[in-house]
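Colleague: Dropping the sequence and predicted coords here.
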Amino acid sequence: MSSTTGDSMNSALDLMTSAANQAEISEENLLSTQTLTCDLQFPVEIWRLILEEACNPITEEEMSFEMMATETQTFHTIREPDRQFMLSLSFISRTFTKIVFPFLYRYIFIPMQDPASTLYATLKLPLPEAFGKEHRSYGDLVRFLIIGDPSFAVEILKNSSNVSHLIIHDRPQIRRITDLGSTLEKLKSLVSLRMTESLFGSLRTQSDEATPSKPTLQNLRALSLKITTDDPHVLKICSWALPSLQSIVIRCPFFTRDERVDGSTLLNVHGHALRSLSFDGDLSLSIPKAPTLESSCPLLTHLLVTTPDHLLEGIADGTQTIIHRGVTTVTITDMTWESCIFADGCYGDDDIEALRDLRTKFLPSLQEIHCPWAPYNYSGLEPCLRRSGQWSKFQPWFLEVLEEWEGSGIKFIRTDTNELISFEASTS
């Protein structure tokens with residue numbers, strides 16, 4: 001993280017701490033009684049809708065994207081809401097305080113260099129009188145949380161019991177965090193979790209001094225993990241009980257140890273109810289060979305890979321080509337117009353073969369192919385190519401594949417705009 005980003009986050013956290021200290025609003029700081037009476041003729045539900053539109057807080061959709069984003073997609077970092085504006089609105093009246101504070105504290109990002117002790121002291125503070133006598137604290141308002149320094153995770157989470165989306169970054173020097181597993185288990189609202197292998201040793205809970213027990217995350221639906229091995233002794237997370245899990249992102253560093261990782265250990269335990277599975281990695285990550293993927297994840301409908309040739313890795317020694325009969329949507333994260341226009345667009349024979357055979361050999365139920373389409377480092381180049389006439393000069397192999405997809409009823413959709421890419425538009 002850049003120093004500029006870190007400074008802005010520190011300022012945001014300082015602002016939220018300041019907001020807690022100023023929250024008890026005196027009468028002289030409110031609007032006049034006459035104006036306030038007029039304003040509050042609207043039902044509170046209407047004001048909540050108006051103020052949510054004005055505050056534009058981080059939405060669950062935005063946070064879910066950040067939670068499950070691949071390494072390529074993380075170029076699109078989550079935005080920072082206008083907390084100063086929210087704070088100003090909250091001081092208009094006690095009703096506004098009660099409506100706006102949940103927006104102000106909904107999302108918190110604690111960078112690694114932040115003195116987190118100040119923040120979790122704030123999270124312990126009781127909410128102002130506007131919230132009534134419910135004995136609630138500021139931490140109860142936090143829904144989306146990113147923790148840059150895992151050494152503070154337990155203390156922060158103990159005071160943020162309603163967190164639904166949680167990202168815990170790693171620090172190489174921290175290998176174990178006492179009580180992390182039992183603390184996560186108590187987060188009954190937690191539906192999405194992102195973490196790394198370095199923290200897996202902290203996940204076991206203790207029923208007594210000698211007997212480890214596995215945590216149960218009853219409501220967790222989405223899990224994003226960075227792993228470097230399929231060794232079950234390392235993947236302590238395989239001992240978790242995750243009865244509601246529907247989506248997994250397996251992320252692997254581009255340069256790791258000699259062994260190839262395919263997530264088979266994890267999927268054998270937690271794949272039975274998955275609807276979506278993502279393999280985010282290139283040189284070190286492969287997908288399980290057929291029929292392992294289908295037998296481990298029988299309900300799977302969405303599969304994400306980095307490059308098309310990853311699908312070739314799912315072929316079992318050339319004897320079985322069907323990777324999964326239930327997958328209806330495949331996402332290819334590095335497929336952009338750049339790879340389909342330029343002769344040196346990094347797609348080789350294996351990639352082109354995989355794209356030609358997506359339905360006929362690998363995924364017989366395929367209905368949609370998704371890709372980002374616009375390269376992340378050339379976001380302004382597409383209009384220039386259109387004006388110069390270079391845009392229509394797609395590689396012949398791509399036009400052939402696209403025409404074949406359309407003839408088979410397969411939709412090709414760019415995820416950056418959610419638009420359909422047609423053969424007619426690509427040749428006009």
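Modeller: That came through, no problem.
Colleague: I'd guessed residue 397 sits against residue 351; true?
Modeller: No. Counting by C-beta atoms under 8 Å, residue 397 stays clear of residue 351, with 9.7 Å between them. Heads up, the C-betas are built off the backbone N, CA and C, glycines and all.
Colleague: Looking at the two, which is more packed in?
Modeller: For the pair residue 397 and residue 351, the greater number of neighbours falls to residue 351 (22 against 16), based on other C-beta atoms under 10 Å.
Colleague: May I have the secondary structure class of the more buried one?
Modeller: Taking DSSP: H, G, I helix; E, B strand; the rest coil as the rule, one finds residue 351 in the helix state.
Colleague: mind listing what it touches?
Modeller: Residues counted as contacts of residue 351 (C-beta atoms under 8 Å, 6 or more residues apart in numbering) are 307, 308, 309.
Colleague: And those residues, which is closest to residue 393?
Modeller: Closest approach to residue 393 among the contacts of residue 351 (C-beta to C-beta): residue 308, at 21.0 Å.
Colleague: residues near that closest one, how many?
Modeller: Applying other C-beta under 10 Å, we find 26 residues neighbouring residue 308.
Colleague: any idea how far residue 90 is from residue 137?
Modeller: Distance of residue 137 to residue 90, given as C-beta to C-beta, to the nearest Å: 17 Å.
Colleague: So for these two, which sits in the more crowded spot?
Modeller: For residue 137 versus residue 90, neighbours defined as other C-beta under 10 Å are more numerous around residue 90 (25 against 18).
Colleague: Next, give phi and psi for the more buried one.
Modeller: Backbone torsions for residue 90, taken as degrees, to the nearest 10, come to phi -70, psi -20.
Colleague: now swap in the one 3 residues further on and tell me
Modeller: With angles defined as degrees, to the nearest 10, residue 93 sits at phi -160, psi 170.
Colleague: what does residue 54 give?
Modeller: The phi/psi pair for residue 54 (degrees, to the nearest 10) reads phi -70, psi -40.
Colleague: does it really touch residue 88, like I thought?
Modeller: No. Between residue 54 and residue 88 there is no contact under C-beta under 8 Å: 10.6 Å.
Colleague: Common neighbours of the two, please.
Modeller: With contacts defined as C-beta under 8 Å, 6+ apart, no residue is shared by residue 54 and residue 88.
Colleague: And the closest residue in space to residue 141 that isn't next to it in sequence, what's its pLDDT?
Modeller: Computed as C-beta to C-beta, 6 or more residues apart in numbering, the closest residue to residue 141 that is not its neighbour in sequence is residue 105, at 3.9 Å. As predicted, residue 105 sits at a pLDDT of 93.
Colleague: next one: the one 3 residues further on
Modeller: The predicted structure scores residue 108 at 90 on the pLDDT scale.
Colleague: Please report phi then psi for it.
Modeller: phi -130, psi 130.
Colleague: how far away is it from residue 122?
Modeller: Going from residue 108 to residue 122 by C-beta to C-beta gives 10 Å.
Colleague: Likewise for residue 242?
Modeller: Distance, residue 242 to residue 122, using C-beta to C-beta: 32 Å.
Colleague: Residue 227 too?
Modeller: Going from residue 227 to residue 122 by C-beta to C-beta gives 34 Å.
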